[in-house]
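> Here's my sequence, what's the structure:
(2 chains)
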Amino acid sequence: MGPLAQPTGSQKTHDTAPTARLEMTGINVAFGGVLALTDVSLTVEPGQVHGLIGPNGAGKTTLFNVACGLVRPTSGRIVWRDRELARLRPDKLTSMGIARTLQGVGLFPGMTVLENVMVGAHRHAKAGFLSALLALPTSDKDERLLRERAMRALTELGAEAYAGRYPGSLPYPVQKRVALARALVSEPELLLLDEPASGLSEDEMTELGELILSVTGRMSVLLVEHHMDLVMRVCDRITVLDSGKQIAAGTPAEVQANPAVTEAYLGDAVDVEADAAELTHADGGRTHG
Amino acid sequence: MSDLQSPAPSAGQVTEDAPTVATAAANAPSAAASTGRSLLPQSTLLRHLVLLLLGAVAAVVLLEITDPFTNSQLATLSYYAIAAGGLTVLTGMNGQISLGHGALMAVGAYTTALLLQEPADALPLPLILLISVVTTTAVGALVGVAAARLHGPYLAGATLALAVGLPGLAVYFHDQLGGEQGLRVRAPRAPESFESFIDLVSGASASSTKWLAYVGAICLLITYFLLANLVRSRIGRTWRAVRDQDVAAELAGINLGAWRVLAFVVSAAAAGLAGGVLALVVRLAAPSGFTLVLSLSLLTAIVIGGLGSLLGALLGSALLVFLPPFVTDLGTGSGLSSTEAAQLAPFVYGVVLIVAMIFAPAGFVGTIRMRWLTQKAKRSAGRAAPADSSRG
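Predicted coordinates:
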């Protein structure tokens, strides 16, 4: 158990400390003739939250998609669990211990919340087609285990009361939690969060921050987000992109102090001060909720 | 049932509990959210076996209290319902449309017909039907692999080509498949045990028609038992996930193509069995029996019944089989000539279809289920509103 594996969450679904490191080195991506990313390197350390920020069009989502093998880089290496990640079908991600949320929600509208999360636990299913066809007890037992896993994930995110509901009738923040539960239930070692705070209120964002911090004992997180206060609060390290280039990397404090970030990303100094003020504010009020 | 009596929902309070997509309204969830006490057994196998037994009893009663003509109508219903059950799994649960299921039925029907050309009782009937299922499954797998790459109108077009083209093979291979006239099917004799069984339950004559109606009913019950098992399991859930949100399903580790092919294969297997039963009941396998109209009728049946629901597929098929003769009888009864009465049937059928789509867009089962869920949600929302709103 490393120092990062301090129990932070209330429910432990697996207690092995994350050891796998995601290393991206010298990533170049070109769409047609347009360079989307130029020589970007990023390492997500085990159990850490790594933030990826930058203005619109900076290449955040592209790098994010490179990280999970959806976009193949023109050149560069992505190493995960000592294996090159460059060629990967999206459906192979979960078996590699990588879970990813979609921008927005992306829940299955025709299925209950519980079923949605159970789909997320797909890779833990053991019973095959034949036992389902004949309704053998192994299928029932498997279903019960998946259901328990799903309920545990929903409980951890405080959404267990909505298990029997359909996503379309639920408030947006609840849907986001369900989507997060669906990602967590696969017990990933690396969680890729694509703008998880979009559409959330201040309070909900605070809760989200705590949720992210509570899972870090179990997994590493790569977070794309443009809400600065959330990023500054939860991230251990931050990479800043601008126009496809990496302009800064380091701890939140280092990044905030970096004049290049101030200039290129935030545009003017006033925003940084505002964010810094928000940051201290948020730090003080972190225990509520 | 009036909405006026239920309290108006306040802002942010959720009262709806039914799926917001009408096409999914008839889907039974694969897992219950609450482990509340229920009279039904916990085990899926036991629950479905109880239903199977009830279905078998109902089938025997129905076949014994009705006249021979209705018996043969019920036999017709059985093969429609078997094919519709398979199609509702494909279209309702997995979201793939198929206009080619009539052609897949033709594969099953011709296989059965060919095997029955052999000298008397060379192969037992269950084996013949099983071979028909396997053959059709193989054809279905081929089509499914192609279909898995297609969506919406493209898939409809490709399967349409199958529906139009495949029966043409019978004309092309005239010598083996009998051309336009088709293959006559010599219906297999009923076993001794069947005669003694009928003698035991009703004492009626164990006619060949009755035997075939029983064969149809047995095939229907077995098919629905197996399909219900799949629908209620992880398999059905995964199919629906692929239907609802393919990107999210893929990220959950689901291989979209493989699961789409699986749905097509299962559906084709049902179509193959349906074709086999059709060949027995109609005693003929001919291209004219497998036109595009058959494929469209199957789609109509599952849409009217409620997409993705086996009960819906059965009800839709029943409407398909019983409505036209019912209307024709009504017509001749009220003084129309037999030609006029026969022409009335498609008209009434069309009207029923339009009315159903206006008032029950989610099909019989879907609409009723949606009503019931909404009512239930309103009741529980009344109780749980304070707890609900504090959660946000």
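> Now for residue A:83, how many residues are close by?
11 (other Cβ atoms under 10 Å in any protein chain shown). Where C-beta positions appear, they are placed from N, C-alpha and C, glycine not excepted.
> Quickly list what it is bridged to.
Counting by DSSP bridges, residue A:83 forms beta bridges with residue A:80.
> Relative to residue A:65, how far out is it?
Separation of residue A:83 from residue A:65 (Cβ to Cβ, to the nearest Å) stands at 18 Å.
> And the top helix by length along chain A, what does it pack against?
In chain A, with assignment by DSSP state H, the single longest helix is helix A:137-156. Here helix A:137-156 touches helix A:113-120, helix A:129-133, helix A:172-184, helix B:44-65, helix B:234-244, going by 3 or more Cβ pairs under 8 Å, 6 or more residues apart in numbering or on different chains; DSSP states H and E.
> List every C-alpha atom in that helix, with coordinates, as PDB.
Extracted as PDB, the C-alpha positions of helix A:137-156 are listed here (Å, rounded to 0.1, in the frame of the first residue of the first chain):
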ATOM      1  CA  PRO A 137     -28.800 -20.500 -11.800                       C
ATOM      2  CA  THR A 138     -25.400 -19.300 -12.800                       C
ATOM      3  CA  SER A 139     -27.000 -16.500 -14.800                       C
ATOM      4  CA  ASP A 140     -29.200 -15.500 -11.900                       C
ATOM      5  CA  LYS A 141     -26.200 -15.500  -9.600                       C
ATOM      6  CA  ASP A 142     -24.200 -13.400 -12.000                       C
ATOM      7  CA  GLU A 143     -27.100 -11.000 -12.300                       C
ATOM      8  CA  ARG A 144     -27.300 -10.700  -8.500                       C
ATOM      9  CA  LEU A 145     -23.600  -9.900  -8.300                       C
ATOM     10  CA  LEU A 146     -23.800  -7.300 -11.000                       C
ATOM     11  CA  ARG A 147     -26.800  -5.800  -9.300                       C
ATOM     12  CA  GLU A 148     -25.000  -5.600  -6.000                       C
ATOM     13  CA  ARG A 149     -22.000  -3.900  -7.600                       C
ATOM     14  CA  ALA A 150     -24.300  -1.400  -9.400                       C
ATOM     15  CA  MET A 151     -26.200  -0.700  -6.200                       C
ATOM     16  CA  ARG A 152     -22.900  -0.200  -4.300                       C
ATOM     17  CA  ALA A 153     -21.700   2.300  -7.000                       C
ATOM     18  CA  LEU A 154     -25.100   4.100  -6.800                       C
ATOM     19  CA  THR A 155     -24.900   4.200  -3.100                       C
ATOM     20  CA  GLU A 156     -21.400   5.600  -3.100                       C
END
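> most neighbours per residue, which of the helices and strands packed on helix A:137-156?
Among the helices and strands packed on helix A:137-156, helix A:113-120 has the highest mean neighbour count (mean count of other Cβ atoms under 10 Å in any protein chain shown), at a mean of 30.
> for that helix, packing partners?
helix A:137-156, helix A:172-184, helix B:234-244.
> can you list the ones you listed in a markdown table and add mean pLDDT?
Shown next, in a markdown table, are the helices and strands packed on helix A:113-120 (pLDDT from 0 to 100):
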| stretch | mean pLDDT |
| --- | --- |
| helix A:137-156 | 93 |
| helix A:172-184 | 92 |
| helix B:234-244 | 95 |
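> Make TSV out of these and add distance to residue A:221.
TSV is the format used below for the helices and strands packed on helix A:113-120 (distance: least, Cβ to Cβ, whole Å):
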stretch	distance to residue A:221
helix A:137-156	15
helix A:172-184	11
helix B:234-244	24
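> where along chain B do the strands fall?
B:183-184, B:284-285 (DSSP state E).
> Now tabulate these in a markdown table and tack on mean neighbour count, mean pLDDT and distance to chain A.
Shown next, in a markdown table, are these (neighbours: other Cβ atoms under 10 Å in any protein chain shown; pLDDT from 0 to 100; distance: least, Cβ to the nearest Cβ, whole Å):
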| stretch | mean neighbour count | mean pLDDT | distance to chain A |
| --- | --- | --- | --- |
| strand B:183-184 | 18 | 90 | 31 |
| strand B:284-285 | 23 | 92 | 28 |
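> Quick one: closest of those to residue A:181.
strand B:284-285 (52.1 Å; Cβ to Cβ).
> Distance from the closest one to the middle of the chain?
Averaging C-alpha positions (Cα atoms, centre = their mean, to the nearest Å) puts strand B:284-285 21 Å from its chain's average.
> Now for residue 217, how many residues are close by?
No chain specified, so I'll use chain A. Count around residue A:217 with other Cβ under 10 Å applied: 19.
> oops, I was thinking of chain B
Counted with other Cβ under 10 Å, residue B:217 comes out at 24.
> Skipping adjacent residues, who's closest to it in space?
Nearest residue to residue B:217 in three dimensions, chain neighbours excluded: residue B:59, at 4.2 Å (Cβ to Cβ, 6 or more residues apart in numbering or on different chains).
> Next, the contact list for that neighbour, please.
B:214, B:217, B:220-221 (Cβ atoms under 8 Å, 6 or more residues apart in numbering or on different chains).
> now residue A:192
Residue A:192 touches A:64, A:67-68, A:98-101, A:221-222, counting by Cβ under 8 Å, 6+ apart.
> And residue B:348, by the same measure?
B:323, B:327.
> among the contacts of residue A:192, which are in strands?
A:98-100, A:221-222.
> so what pLDDT did the residue in the stretch 251-392 of chain B positioned nearest to chain A get?
The nearest approach of the stretch 251-392 of chain B to chain A comes at residue B:253, 3.6 Å away (Cβ to the nearest Cβ). Per-residue pLDDT puts residue B:253 at 92.
> Isn't it up against residue A:91?
Yes - with contact defined as Cβ atoms under 8 Å, residue B:253 reaches residue A:91; the gap is 5.5 Å.
> Which one's more surrounded, those two?
residue B:253 (23 against 20).
> what sits against residue A:196?
A:101, A:176, A:180, A:208, A:212, A:223, A:225.
> and if we set it to 6 Å?
For residue A:196, the contact set (Cβ atoms under 6 Å, 6 or more residues apart in numbering or on different chains) is empty.
> Which positions are bridged to residue A:25 in the beta structure?
Here residue A:25, judged by DSSP bridges, has bridge partners residue A:77.
> you'd agree it is up against residue A:42?
No - at 8.4 Å, residue A:25 and residue A:42 do not qualify as touching, with contact defined as Cβ atoms under 6 Å.
> who's more crowded, these two?
Between residue A:25 and residue A:42, residue A:42 has the larger neighbour count (other Cβ under 10 Å), namely 21 against 13.
> hey, what's the more buried one bridged with?
Going by DSSP bridges, residue A:42 forms beta bridges with residue A:24.
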